[in-house]
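**Q** Mind folding the following:
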Amino acid sequence: MIPEAKKAGVKHALQVTFGVSEFEEISVLTAGLSPALIFRIVVMGKPYLLRIITNEDAMSNPEHWYSCMKMAAEAGLAPHIWYTSIADRISITDFIEAKPFPTTKAAVILPDLLKRLHSLPHFPPRVNYFEAMDGFIRKFQAAKILPENITKELFNMYANITSVYPRNGHDLVSCHNDLKPENMLFDGDRVWLVDWEAAFLNDRYADLAVVANFVVMNDDEERDYLKRYFGEEVNEYNYARFFLMRQLLHIFYFSVFMLLGSADGKPTDLNLPQPGFREFNALIWAGKVNLANNDARRQYALVHMEQALSNLRLKRFEDALHIVSNYESSLLQK
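**A** Numbers count the residues shown, from 1 in each chain. Now for the predicted structure:
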């Protein structure tokens with residue numbers, strides 16, 4: 001299971017950490033889209049998680065995300081780290097046996113968890129999230145996967161939001177940036193965040209919006225969710241900025257998953273019936289959708305597109321644009 005080129009590094013990790021040269025059991029973990037090799041190993045009767053980075057490109061260099069993971073682990077947000085090697089691109093951490101995590105419980109626990117994460121000392125900056133978002137959208141548009149008339153309204157919406165949404169970096173915090181369900185492990189008592197490869201300094205509303213896709217089902221739940229995070233009554237600017245970030249992510253996810261899903265060259269059938277946004281995310285939360293599958297990727301992209309277009313027609317969309325625009329203009333005048 002372990003590549004020949006990595007066997008010496010794994011043996012060294014076991015010797016340094018546990019004083020043994022072999023594990024007793026090993027099994028592959030396949031959840032998620034990470035190109036890294038991830039294993040559950042058993043050493044001296046206890047399970048651990050072994051991650052081996054096989055890519056050798058600069059973006060896969062673990063120095064950055066090992067440091068972010070270490071800060072999170074020291075704060076009790078990530079599993080205990082037993083070993084890391086930047087040279088060998090290997091890490092060993094506690095293995096978390098995940099238990100079912102009801103969304104009702106998640107909606108109560110996760111806002112506080114995000115608040116603790118965002119209060120950590122600043123992670124190093126790595127990429128500009130908004131520039132990366134722009135890049136994927138330009139790449140999608142250049143690929144001409146769908147007729148322009150299908151996506152015109154969607155990208156007009158994107159332009160309207162980006163014309164007012166702040167990008168000045170005065171409110172950046174330490175973010176995970178990949179808070180899909182398989183990266184939030186509930187052990188029956190507490191939640192552990194794993195897979196810190198995408199962690200960097202970012203807009204807090206990005207993490208908040210991604211998690212909300214899975215645990216916020218209506219306006220009342222949104223109010224409670226944001227109130228738990230901010231710890232006070234949420235003002236209209238918080239609501240507006242949160243709403244606009246959610247729309248940015250709908251458009252971003254549409255572009256990314258349409259690009260990924262179209263890699264096989266198959267056409268996208270726009271006439272196939274689609275599940276609703278909440279229904280599809282509930283399936284992802286329950287582990288019943290495999291987003292490594294291109295058909296599921298295209299479907300997920302279209303689900304995000306339909307949700308964004310539906311929200312575009314809400315009065316709340318225009319109100320949110322005005323609130324954020326006026327607030328940011330007032331800051332410039334001070």
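
**Q** low-scoring stretches of the stretch 201-334 of the chain, by residue?
**A** Regions of the stretch 201-334 of the chain meeting the criterion pLDDT under 70 cover residues 334.

**Q** need the helices for it, in chain order.
**A** In the stretch 201-334 of the chain, the helices defined using DSSP state H, counting those that start in this stretch lie at 204-215, 219-230, 236-261, 277-285, 294-312, 315-333.

**Q** tell me the domain ranges of this structure?
**A** When the chain is parsed with automatic domain parsing, its domains come out as 4-94, 103-333.

**Q** Redo those as CSV? Include mean neighbour count.
**A** No exception for glycine: its C-beta is placed from N, CA and C like everyone else's. Shown next, in CSV, are these (neighbours: other Cβ atoms under 10 Å):
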stretch, mean neighbour count
domain 4-94, 16
domain 103-333, 17
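
**Q** quick one, strands of the stretch 1-150 of the chain?
**A** Listed in chain order, the strands of the stretch 1-150 of the chain (DSSP state E, counting those that start in this stretch) span residues 25-28, 37-43, 46-52, 81-85, 90-94.

**Q** Need the contact partners of the second one.
**A** Contact partners of strand 37-43, identified using Cβ atoms under 8 Å, 6 or more residues apart in numbering, comprise 1-3, 6, 14, 18, 20, 23-29, 32, 47-54, 92, 95.

**Q** Try it again at 6 Å.
**A** 18, 23-29, 47-48, 50-52, 95 (Cβ atoms under 6 Å, 6 or more residues apart in numbering).

**Q** Start and end of stretch 194-206, how far apart?
**A** 17 Å (Cα to Cα, to the nearest Å).

**Q** With stretch 16-23 instead?
**A** 13 Å.

**Q** Please tell me how far the nearest residue to Arg246 once chain neighbours are set aside sits from Phe242.
**A** Leaving out its chain neighbours, the residue that sits closest to Arg246 by Cβ to Cβ, 6 or more residues apart in numbering is Ala209, at 4.6 Å. If you measure Ala209 against Phe242 using Cβ to Cβ, to the nearest Å, the figure is 7 Å.

**Q** Could you do Ala73 as well?
**A** Taking Cβ to Cβ, one finds Ala73 at 28 Å from Phe242.

**Q** Check Thr104 too.
**A** Thr104 is 20 Å from Phe242, by Cβ to Cβ.

**Q** Pull the contacting residues for Asp187.
**A** Residues in contact with Asp187 (Cβ under 6 Å, 6+ apart) are Ile96.

**Q** do Ile161 as well
**A** Counting by Cβ under 6 Å, 6+ apart, Ile161 touches Leu244, Gln247, Leu248.

**Q** same thing but at 10 Å, please
**A** Phe243, Leu244, Met245, Gln247, Leu248, Ile251, Ala308, Leu312, Phe317, Ala320, Leu321, Val324 (Cβ atoms under 10 Å, 6 or more residues apart in numbering).
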